[in-house]
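Q: Could you look at this predicted model? Sequence included:
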Amino acid sequence: NAGVTQTPKFQVLKTGQSMTLQCAQDMNHEYMSWYRQDPGMGLRLIHYSVGAGITDQGEVPNGYNVSRSTTEDFPLRLLSAAPSQTSVYFCASSYSYYSGFDTDTQYFGPGTRLTVL
Amino acid sequence: GQQVMQIPQYQHVQEGEDFTTYCNSSTTLSNIQWYKQRPGGHPVFLIQLVKSGEVKKQKRLTFQFGEAKKNSSLHITATQTTDVGTYFCAAVTSTGTASKLTFGTGTRLQVTL
């Protein structure tokens, strides 16, 4: 298994540009999520999905869109990039979305480092 | 909303010394998870604690969940240079339809010889 993959690894955008960060997993996980990581602030949840066709907002959803048309893929779209979106973005997946199960282990992708000028 | 504080933010120890990071929540938690992130890497799951007062060990790492399920700690005995990284706790809360993780701000550990 490749686990969780993310593309691209690095990206530089100009303010106002749009782009899609790709995330895919081959573990047949139901739950997928996107986080952003900024210095001194830990990881903050942007959006998450509990299955194909179902998404919901996390802690910091503004400026980001998601969709989940398949179990494997969960792309994150920036419609009009802003310098405040400069960050490292991590995609994660887990087998189940119910708490209390050992299968709640979150598997993180390698991350996308995004700079918005 | 859910707030999870971690202390200290940074700790520098000499190899062989012990290290502890503490995680405190403003609300009672369902479960708590711990992750390690090496410099330039991604978070890697270490453990999940579920029961009040639970203590789990992984070699030199000891994880504890408070009796009130509002705090947790990670203790590393006799640190090694391979322990370098940032340790995050993550509070698991259930909304009924899904569980969410709220990450603490992390403790960065530096170990020198």
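A: Now that the structure is in, tell me what you want to look at. Numbers count the residues shown, from 1 in each chain, chains lettered A, B, ... in the order given.
Q: buried set for stretch A:58-75?
A: Buried residues in stretch A:58-75, counting neighbours by 16 or more other C-beta atoms under 10 Å in any protein chain shown, are found at A:58-61, A:64, A:66, A:68, A:71-72, A:74-75. Just so you know, the C-beta spots here come from the backbone N, C-alpha and C atoms, and that holds for glycine as well.
Q: chain center to it, what's the gap?
A: 7 Å (C-alpha atoms, centre = their mean, to the nearest Å).
Q: and if you look at stretch A:79-87?
A: Per C-alpha atoms, centre = their mean, the centroid offset for stretch A:79-87 relative to its chain is 14 Å.
Q: Kindly report the same for stretch B:57-77.
A: 8 Å.
Q: what's it in contact with?
A: B:18-30, B:32, B:34, B:46-47, B:49-56, B:78-80, B:83, B:87, B:89, B:109 (C-beta atoms under 8 Å, 6 or more residues apart in numbering or on different chains).
Q: Repeat that for stretch A:82-89.
A: A:6, A:15, A:21, A:34-38, A:46, A:63, A:76, A:78, A:111-117.
Q: do that again at 7 Å, thanks
A: A:15, A:21, A:34, A:36-38, A:63, A:76, A:78, A:111-116 (C-beta atoms under 7 Å, 6 or more residues apart in numbering or on different chains).
Q: end to end, how far does it reach?
A: 15 Å (C-alpha to C-alpha, to the nearest Å).
Q: hmm, back to that, filter the contacts of stretch A:82-89 down to the buried ones.
A: A:21, A:34, A:36-37, A:76, A:78, A:111-114, A:116.
Q: just those that are near chain B?
A: By C-beta under 7 Å from any C-beta of the partner chain, the members of the buried ones among the contacts of stretch A:82-89 lying near chain B are A:Gly111.
Q: picking up where we left off before, give the buried subset of the contacts of stretch B:57-77 as a PyMOL selection command.
A: A single PyMOL command selects the buried members of the contacts of stretch B:57-77 (16+ other C-beta under 10 Å):
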select buried, chain B and resi 19+21+22+23+24+25+29+32+34+46+47+49+50+54+56+79+83+87+89+109
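Q: The contacts of stretch B:57-77 also near chain A: which ones?
A: B:30, B:50.
Q: Tell me which of the contacts of stretch B:57-77 fall in strands.
A: Among the contacts of stretch B:57-77, the members falling in strands (DSSP state E) are B:19-25, B:32, B:34, B:46-47, B:49, B:55-56, B:87, B:89, B:109.
Q: show me the residues around A:His47 that make contact.
A: A:34, A:55-58, A:61, A:64, A:66.
Q: repeat that with 10 Å
A: A:32-35, A:55-61, A:64-68, A:74, A:76 (C-beta atoms under 10 Å, 6 or more residues apart in numbering or on different chains).
Q: can you narrow the buried residues of stretch A:58-75 to ones near chain B?
A: A:58-59 (C-beta under 10 Å from any C-beta of the partner chain).
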